[in-house]
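Peer 1: Sequence and predicted structure are below.
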Amino acid sequence: MQDAAPTKDMTEPRHPARYWSKQPDGRLRCELCPRFCSLRDGQRGMCFVRRREGDQIVLDTYGRSSGFCIDPIEKKPLNHFLPGTSVLSFGTAGCNLACKFCQNYDISTARSVDRLADRASPEALARAAKAHGCASVAYTYNDPVIFLEYAVDTAAAARAVGVRSVAVTAGYIEPAPRVEFFAAMDAANIDLKGFSPAFYRKLTGAHIEPVLETIAYVAQETDCWLELTTLLIPGENDSPGEIEALSAWVRDTCGPDTPLHFSAFAPQHRMPDHAPTPLKTVLEAHRIAKEAGLHHVYAGNVHHEAAQSSYCTGCGQKVIGRDGYRLTAWHLDDTGHCTGCGTTFAGVIEGPPGTWGRKRQPIRIDA
């Protein structure tokens, strides 16, 4: 836990948080994630954005963001959810994991909510997404689990105007809030950061079991479209044995049509001197996962069109060609069937593909 640090806007009202209980010793225990931070008045949880204020826990970052940007949906990464469409992306600050390899560490390790200069209500976010022609809103950059109340309210506002919601998360969440959170989401990409308890303890400061439980829950008990991502770090989680075990678990738990993305690590944050991931390691992981029986495996953070494209499970035709975030081929009908053999392509396909391409467009939103 963190003691409250004075900030210039500490007098502003905070949004009441859900999922906490009062303990016999007077502390308030946050029950959003498996850390169960126990807080005295003024203390913050490990995520830094949930804080005790008197006899309640509040969320500092409701309605406040580190910025808004329109991205291709493939950047989340989601390859089977409304391909080619644009998504309005935003995050807040803080995180409930402590990954030494974090790719967004400037946001996730932020220890001041004053950096959140951009403000937007859930309704304003929904209106902006609709006005800009975005098919969905993505809760990303830092983990949306820690701003659950803001994400869930925004998802409701977005759904009311016909805009979908996408979570990009590590899945470190308790069962009760897990139900509410994923009921609000239409799609999710969950990071399965490795496949050993030792990796999670050493490099994320967390435990693997709650993540596996979250993935299984989303795959088996919700209508939320699910894709998974594993960032391959040389010498840490890239052994053939671990990749084979991970792939077999995904196949058996989530089903062979669940897309799995293997991404290349780039040295940064607390691992600046670690070797980057070679292309051959990513392609080897791709091969192992396919041989394990997964139908849709992708290579990320590398340039390899064949390993980034999608193929029909019936006839093998390339049904979606990709060069990075740009679609290069499309052989599906408007209901998501292969034009060659009629096999249904797993995912959410509604009409022809979007045409957003690689563009990244920062925007401002009128709160």
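Peer 2: Nice, I can see it.
Peer 1: Can you tell me the element the spatially most central residue of the chain falls in?
Peer 2: Relative to the mean C-alpha position of the chain, the nearest C-alpha, by Cα atoms, centre = their mean, is the one of residue 168, at 1.1 Å. Under the criterion DSSP states H and E, the helix or strand holding residue 168 is strand 164-169.
Peer 1: before we move on, back to that, dump the residue contacts of the residue nearest to the centre of the chain.
Peer 2: 76, 138, 139, 140, 141, 144, 188, 189 (Cβ atoms under 8 Å, 6 or more residues apart in numbering). Every residue, glycine included, has its C-beta placed from N, CA and C.
Peer 1: Can you lay out those residues as JSON lines showing secondary structure, pLDDT and neighbour count?
Peer 2: Conversion of the contacts of residue 168 to JSON lines gives the following (DSSP: H, G, I helix; E, B strand; the rest coil; pLDDT from 0 to 100; neighbours: other Cβ atoms under 10 Å):
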{"residue": "76", "secondary structure": "coil", "pLDDT": "97", "neighbour count": "23"}
{"residue": "138", "secondary structure": "strand", "pLDDT": "98", "neighbour count": "27"}
{"residue": "139", "secondary structure": "strand", "pLDDT": "98", "neighbour count": "28"}
{"residue": "140", "secondary structure": "coil", "pLDDT": "95", "neighbour count": "22"}
{"residue": "141", "secondary structure": "coil", "pLDDT": "92", "neighbour count": "22"}
{"residue": "144", "secondary structure": "helix", "pLDDT": "97", "neighbour count": "29"}
{"residue": "188", "secondary structure": "strand", "pLDDT": "98", "neighbour count": "27"}
{"residue": "189", "secondary structure": "strand", "pLDDT": "98", "neighbour count": "23"}
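Peer 1: Of those, which pair is most distant in space?
Peer 2: Set against one another by Cβ to Cβ, these have their most distant pair in 141 and 188, with a gap of 15.0 Å.
Peer 1: The closest residue to the residue nearest to the centre of the chain other than its chain neighbours and residue 94, how far apart?
Peer 2: Closest residue to residue 168 in three dimensions, ignoring its sequence neighbours and counting by Cβ to Cβ, 6 or more residues apart in numbering: residue 140, at 3.9 Å. For residue 140, the distance to residue 94 (Cβ to Cβ, to the nearest Å) stands at 14 Å.
Peer 1: Can you spell out the domain ranges of the protein, please?
Peer 2: Per automatic domain parsing, the domain ranges recorded for the chain read 2-59, 64-308, 309-350.
Peer 1: deepest of the ones you listed, which one?
Peer 2: domain 64-308 (a mean of 20; mean count of other Cβ atoms under 10 Å).
Peer 1: gap between the two ends of that domain?
Peer 2: Length of domain 64-308, first residue to last, Cα to Cα, to the nearest Å: 34 Å.
Peer 1: gap between it and the chain center?
Peer 2: In terms of Cα atoms, centre = their mean, to the nearest Å, the centre of domain 64-308 is set 3 Å apart from its chain centre.
Peer 1: for residue 71, what are its contacts?
Peer 2: Per Cβ under 8 Å, 6+ apart, neighbours of residue 71: 86, 87, 89, 138, 360.
Peer 1: Mind checking which of those residues are in strands?
Peer 2: Using DSSP state E to define strands, the subset of those located there is 86, 87, 89, 138.
Peer 1: Enumerate every residue touching the third one.
Peer 2: Going by Cβ under 8 Å, 6+ apart, residue 89 touches 68, 69, 70, 71, 75, 76, 137, 138, 140, 141.
Peer 1: Need those in JSON lines (columns: distance to residue 201).
Peer 2: Converted to JSON lines, the contacts of residue 89 look like this (distance: Cβ to Cβ, whole Å):
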{"residue": "68", "distance to residue 201": "35"}
{"residue": "69", "distance to residue 201": "33"}
{"residue": "70", "distance to residue 201": "37"}
{"residue": "71", "distance to residue 201": "32"}
{"residue": "75", "distance to residue 201": "30"}
{"residue": "76", "distance to residue 201": "27"}
{"residue": "137", "distance to residue 201": "33"}
{"residue": "138", "distance to residue 201": "29"}
{"residue": "140", "distance to residue 201": "25"}
{"residue": "141", "distance to residue 201": "25"}
